[in-house]
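> sequence and predicted structure, then a few things I'm wondering about:
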Amino acid sequence: MPFVRATAYSSSANLGAGFDVLSLAHQAYKDVVEAEIVGEGKSEVVIQSNSDLPLDPLKNSAGAPVLNLLNEMGLKYRVKLRIHKGVPYGLGLGSSGASAVAAVAALNSLLNLKLSLEEVVRYATAGEKAVSGSPHPDNVAASAFGGVVAVVSTSPVRIVTIPVRLNFKITLIVPRIHTGEGKTKRARELVPKQVDIGKMVENMRYLSSFVLGITKGDRELTRMGLNDEIVEKSREPLFPYYPKIREIALRKDAVGVCVSGAGPTILVLSDEETDLEGIKREVSTVCNGFETVCDFVDTQLGGGVETERFN
Ligand SMILES: Nc1ncnc2c1ncn2[C@@H]1O[C@H](COP(=O)(O)OP(=O)(O)OP(=O)(O)O)[C@@H](O)[C@H]1O
Ligand SMILES: N[C@@H](CCO)C(=O)O
């Protein structure tokens, strides 16, 4: 039977003050999901996976959106999803989002549903809702579109790819820790429901500065903008090492540094002016001080989801 293989990259969301709005895809890791029709008459999803993730489609970020899509469109197929997990999960690398995007994109191609990328994102958010209780669209937008994206609307879904005119390399500081079930769900519960107007204005300054910096190729604007007074601060108990890592990265002239999504991974942007090896040396000591080993993954911006059909 024909099947479609979809590949979606890992991502880092928020990017400082862009909580649930900004995100970027990177080539560090990828999920591969194959979709195949294995029966008809009822809307069903069966999952095979090389991981210890839930095989119940309603608890798997790949299965939930596909089942949602089948039911919403009245498609009476039994769909098998073979998930080859490559994005480590619970680490702020958009793992749940990558699976969700790859699964929806694979079915879209297999059944020739002609969904736009924005519709793929809309369906994929059901995967985020299934695993974190919130249909946050940022990770899935980056894995779907690639590059650096802004979610400018959720009803309807509207994603804009941000033209990047700044030269930078990406380094992910990935602590070797297990965050347990529903890390993002717990992290979202720490975000305040109301904020001080002064902090909101400060964050709007940061977000404007970051987006203008990368689109104008202005290193200083980018560096000033990659900051957050609200969400990162509210979640600091989840990554108490972050302030020290941030201080080291900025002292060693990084282009910018922020928490990757809901963490615990930290994202560092660097260029030829940055003492990246010096950052890695000092950060390793900080991680050891927290009885943690950190891995450093040098990577670059990733592209959008890709599909390949096998007849
Ligand atoms: N296909 C899947 N891929 C990854 N995680 C999944 C998947 N299906 C269910 N999960 C569950 O979702 C949780 C991981 O998602 P979570 O949103 O917490 O972190 P993440 O997606 O790895 O990173 P981020 O902070 O960028 O969202 C884990 O509890 C995992 O068991
Ligand atoms: N915007 C989401 C991203 C999760 O990776 C959050 O911070 O909860």
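Received the coordinates, thanks. Ligands and ions are numbered 1, 2, ... in the order given.

> for ligand 1, see how far away Gly256 is.
Gly256 sits 18 Å away from ligand 1, going by Cβ to the nearest ligand atom, to the nearest Å. Quick note: C-beta positions are derived from backbone N, CA and C, even for glycine.

> excluding chain neighbours, what is closest to that residue?
Leu226 (3.2 Å; Cβ to Cβ, 6 or more residues apart in numbering).

> pLDDT at the one you found, what is it?
Leu226 carries a pLDDT value of 98.

> for Gly92, same thing?
Value for Gly92, per-residue pLDDT: 97.

> contacts only, for it.
Ser12, Lys183, Val259, Ser260, Gly261, Ala262, Gly263, Pro264, Thr265 (Cβ atoms under 8 Å, 6 or more residues apart in numbering).

> count of residues packed around the residue nearest to Gly256?
Counted with other Cβ atoms under 10 Å, residues neighbouring Leu226 total 28.

> quick one: it and Gly16 touch, right?
Yes - with contact defined as Cβ atoms under 8 Å, Leu226 counts as touching Gly16 (4.4 Å).

> any common contacting residues for these two?
In contact with both Leu226 and Gly16: Tyr206, Phe210, Gly256, Cys258, using Cβ under 8 Å, 6+ apart.

> of the residues you listed, which is the nearest to ligand 2?
Cys258 (10.9 Å; Cβ to the nearest ligand atom).

> secondary structure class for the closest one?
With DSSP: H, G, I helix; E, B strand; the rest coil as the basis, Cys258 sits in strand.

> circling back to that earlier point, so of the contacts of Gly92, which ones are in strands?
In this view, the contacts of Gly92 that belong to strands under DSSP state E are Ser12, Val259.

> residues contacting whichever residue of the stretch 1-150 of the chain sits closest to ligand 2?
In the stretch 1-150 of the chain, the residue that lies nearest ligand 2 is Ala13 (3.8 Å; Cβ to the nearest ligand atom). Listed by Cβ under 8 Å, 6+ apart, the contact partners of Ala13 are Asp20, Leu22, Ser23, Gly94, His136, Asp138, Asn139, Ala142, Ser260, Gly261, Ala262.

> now the residues you listed as TSV including neighbour count, distance to Lys30 and secondary structure?
Converted to TSV, the contacts of Ala13 look like this (neighbours: other Cβ atoms under 10 Å; distance: Cβ to Cβ, whole Å; DSSP: H, G, I helix; E, B strand; the rest coil):
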residue	neighbour count	distance to Lys30	secondary structure
Asp20	18	23	strand
Leu22	24	21	strand
Ser23	30	16	strand
Gly94	36	11	coil
His136	26	20	coil
Asp138	29	18	helix
Asn139	38	13	helix
Ala142	36	12	helix
Ser260	28	16	coil
Gly261	29	16	coil
Ala262	30	20	coil
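
> which of those residues are close to ligand 1?
Of the residues in the contacts of Ala13, proximity to ligand 1 by Cβ under 6 Å from any ligand atom holds for Gly94, Asn139, Gly261, Ala262.

> just the closest of these to Pro65, please.
Sorting the ones next to ligand 1 among the contacts of Ala13 by how near they are to Pro65, with Cβ to Cβ, puts Asn139 at the top with 13.0 Å.

> ok, the closest one touching Ser260?
No - look at Asn139 against Ser260 with Cβ under 8 Å: they stay out of range, at 10.1 Å.

> ok, back up a step: list just the nearest of the contacts of Ala13 to Arg281.
Nearest to Arg281 among these, with distances taken as Cβ to Cβ, is Ser260, at 20.7 Å.

> state the distance from that closest one to ligand 2.
8 Å.

> list the contacts of that residue.
By Cβ under 8 Å, 6+ apart, the neighbours of Ser260 are Ser12, Ala13, Asn14, Leu91, Gly92, Leu93, Leu172, Ile266, Leu267.

> now those residues as CSV including distance to Thr307?
Formatted as CSV, those follow (distance: Cβ to Cβ, whole Å):
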residue, distance to Thr307
Ser12, 23
Ala13, 23
Asn14, 28
Leu91, 26
Gly92, 26
Leu93, 22
Leu172, 26
Ile266, 32
Leu267, 27
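
> from the residues you listed, keep the buried residues only.
Neighbour-count burial (16 or more other Cβ atoms under 10 Å) applied to the contacts of Ser260 gives Ser12, Ala13, Asn14, Leu91, Gly92, Leu93, Leu172, Ile266, Leu267.

> which among the residues you listed gets closest to Val149?
Nearest to Val149 among the buried ones among the contacts of Ser260, with distances taken as Cβ to Cβ, is Ala13, at 9.6 Å.

> the closest one pairs with what?
Note on Ala13: beta-bridge partners Ser23, judged by DSSP bridges.

> okay, it: pLDDT?
Note on Ala13: pLDDT of 98.
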